[in-house]
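> when you get a sec, could you give me coordinates for this:
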Amino acid sequence: MYTISQPDPVRLEIFKNLYQFIAEQMGIVLQNTAASVNIKERLDFSCAIFDASGLLVANAPHIPVHLGSMSESVRSLIHDKSDTLKPGNVYLSNNPYNGGTHLPDVTAITPVFDEDGKQIIFYVASRGHQADIGGITPGSMPPHSTTIEEEGILFDNFLLVEEGNFQETAVRELLLNHTYPARNPDQNIADFKAQIAANERGVQELRKMVKQYGLETVQAYMKFVQVNAEESVRKAIDVLSDGSFIYEMDNKARIQVKVNIDRETRSATIDFTGTSKQLNSNFNAPKAVTQAAVLYVFRTLVDDNIPLNAGCLKPLEIIIPEGCMLNPTYPAAVVAGNVETSQIIVDALYGALGVMAASQGTMNNFTFGNERYQYYETICGGSGAGVNFDGTDAVQTHMTNSRLTDPEVLETRYPVQVESFCLRPGSGGKGKHCGGNGVIRRIRFLEAMTANILSNHRFVPPFGLNGGEAGLVGRNWIERQDGTQENLDEPATVEMKPGDVFVIETPGGGGFGKVS
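This next block holds a predicted model:
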């Protein structure tokens, strides 16, 4: 019999790794059973486990912007459906106003009941980026959307599996019965089934854990893991100082943040008052995304191997004025807020804390497709330098952690050729520690398709700190088959013809410190 009034350090480490292992097992199932390139090859998904109140306990090392926001989705389900939750039910949600990030990121949530099927003891969830979920452009990442409807189909705690029965007719009807319907519902449904399978693995593993250690012990250590994370963040806060930062985006919107450290309570207040109002564009970041960015930054300041969880948020008070671009109200468009604005929030926070120069500050979201094909990728760039380190070349930075599809897979599945993909020398900012370099990616189209780029830092360079130089801005353009060149804005939609080449140069990271 183990005492559970206080954590045993060895047992705490074991449980910490066990919870994370379960989330990793969920991810393996999802990758192996998914149909889309987006999930199977690019690994644009996340899996996590939650306690009975919907608080994040542990996650696999997947996508930061997903992981910091999924708890809001789970708690929304508890709030809306707590009276109707039954064993064998699975729910779908991508509502940006209830914990979602943007519509392509669809979360499957499964309540985990006790052996008697009467009490919910945990929740498991998996979030996958759908290759297309409808909207005005193939790939569901429209550069110029102004309302949420133009971005695709919205699921708000939709009952996907009812007591073990997959609701295919209902979900297919929702995917197709829309002003801008999904272009490949069969692929959506296949990926949803993969998410159900991933969640089921989580359910099985948690039940094994309960059988081995007892429910009381498993739940107690869920709390202990969160308390341990809370203390780890407080230790990180102990060495921080007050700071503020204003960071302007290419579209003239600005993120303003002030960080106040309270030494007595070992806590921090992060105040976004002064940030631009809700935008008419799609660069609004849902509140859950803003919280995820804050959570990510403070987790990275912890010099310990802890799972990202709800405990990390305990020492943080986050003030986000309602109706600003970081806490928009329905029906604001948000597709770029998740992928672009989230990156700016992170860099603004690092700037306020004075610990790191800006990274490329964009995911360089590239989508293309037609009624037959839909594809989405994010493209790496340079990371920012810090107090005692250089930035890294050609890396996915901060809120994204997805992979780039292998050229062989991309060219087999889609009528395109990767003409070249190389480093962009000299794009990182100079300094005592230099920023990382961006990349140059050239994609030749073999068939007529609509292509879209959703990016940032094409006009405003990623900042350097403490005398370090800024990184170079990125650039997007088209080389037509007839030799003409067309420069593109940072968000742009363009019709590609056979033989045309889409070229993307990604930004470099900022440097840190003056060159001596």
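
> C-alpha from now on. contacts and neighbour counts both.
Noted.

> low pLDDT regions in this structure?
Applying pLDDT under 70 to the chain flags residues 1-3.

> tell me where it has helices.
Using DSSP state H, the helices of the chain run over 9-33, 37-40, 64-67, 70-81, 168-176, 185-213, 215-238, 287-300, 335-336, 342-353, 407-413.

> give me the contact list for the third one.
The set of residues external to helix 64-67 that reach it, using Cα atoms under 8 Å, 6 or more residues apart in numbering, is 45-48, 59, 101, 127, 289, 292-293, 296, 308, 338, 342, 398-401.

> what's Phe368 in contact with, if anything?
138-139, 374-376, 449-452.

> measure the residue most central in space within the chain to Val37 for me?
By Cα atoms, centre = their mean, the chain has its centre lying nearest to Val65, at 2.7 Å. To Val37, Val65 is 20 Å away according to Cα to Cα, to the nearest Å.

> pretty sure Ile22 is touching Gly202, no?
Yes. Under the criterion of Cα atoms under 8 Å, Ile22 makes contact with Gly202 at 5.9 Å.

> those two - which one has more neighbours?
The residue with more neighbours, out of Ile22 and Gly202, is Gly202; 30 against 25, by other Cα atoms under 10 Å.

> Glu486 versus the more buried one, what's the distance?
From Gly202 across to Glu486, the span is 49 Å (Cα to Cα).

> now swap in Ala60 and tell me
In terms of Cα to Cα, Ala60 sits 42 Å off from Glu486.

> rewinding a little: and the residue nearest to the centre of the chain, how far from Pro328?
17 Å.

> which ones are touching the nearest residue to Gly386 once chain neighbours are set aside?
Spatial nearest neighbour of Gly386, excluding adjacent residues (Cα to Cα, 6 or more residues apart in numbering): Met356 at 4.3 Å. By Cα under 8 Å, 6+ apart, Met356 lies in contact with 347, 350, 384-387, 465, 512.

> how deep is the nearest residue to Ser126 once chain neighbours are set aside tucked in, by neighbour count?
Distances taken as Cα to Cα, 6+ apart place Cys47 nearest to Ser126, at 4.3 Å, with adjacent residues excluded. Using other Cα under 10 Å, Cys47 has 33 neighbouring residues.

> my guess is Cys47 contacts Thr110. True?
No. If you go by Cα under 8 Å, Cys47 and Thr110 don't touch, sitting 11.6 Å apart.

> anything in contact with each of those two?
Shared contacts of Cys47 and Thr110, defined by Cα under 8 Å, 6+ apart, comprise 124-125.

> buried set for stretch 456-464?
Across stretch 456-464, burial judged by 16 or more other Cα atoms under 10 Å covers 456-458, 460-464.

> with stretch 232-251 instead?
Residues of stretch 232-251 classed as buried: 232-238, 240, 243-249, 251 (neighbour count, 16+ other Cα under 10 Å).

> stretch 8-15 too?
12, 15.

> list the contacts of that stretch.
Applying Cα under 8 Å, 6+ apart, the contact partners of stretch 8-15 are 221-222, 224-225.

> just stretch 341-348 next, same as before
With Cα under 8 Å, 6+ apart as the test, stretch 341-348 has contacts from 65, 245-247, 249, 255-257, 283-285, 289-290, 293-294, 296-297, 356-359, 361-363, 398-399.

> roughly how far is that stretch from the heart of the chain?
Relative to the chain's own centre, stretch 341-348 is displaced by 12 Å; criterion: Cα atoms, centre = their mean, to the nearest Å.

> picking up where we left off before, can I get the helices of the chain in JSON lines including distance to Pro498?
Listed next are these as JSON lines, based on distance: least, Cα to Cα, whole Å:
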{"stretch": "helix 9-33", "distance to Pro498": "32"}
{"stretch": "helix 37-40", "distance to Pro498": "22"}
{"stretch": "helix 64-67", "distance to Pro498": "35"}
{"stretch": "helix 70-81", "distance to Pro498": "40"}
{"stretch": "helix 168-176", "distance to Pro498": "30"}
{"stretch": "helix 185-213", "distance to Pro498": "26"}
{"stretch": "helix 215-238", "distance to Pro498": "53"}
{"stretch": "helix 287-300", "distance to Pro498": "38"}
{"stretch": "helix 335-336", "distance to Pro498": "28"}
{"stretch": "helix 342-353", "distance to Pro498": "34"}
{"stretch": "helix 407-413", "distance to Pro498": "14"}
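
> thinking again about what came up before, which two of the contacts of Met356 have the greatest separation?
Based on Cα to Cα, the longest span within those runs between Asp347 and Val387 and measures 14.7 Å.

> who has more neighbours, these two?
Taking other Cα under 10 Å, Asp347 and Val387 do not tie; Asp347 has more neighbours (28 against 16).
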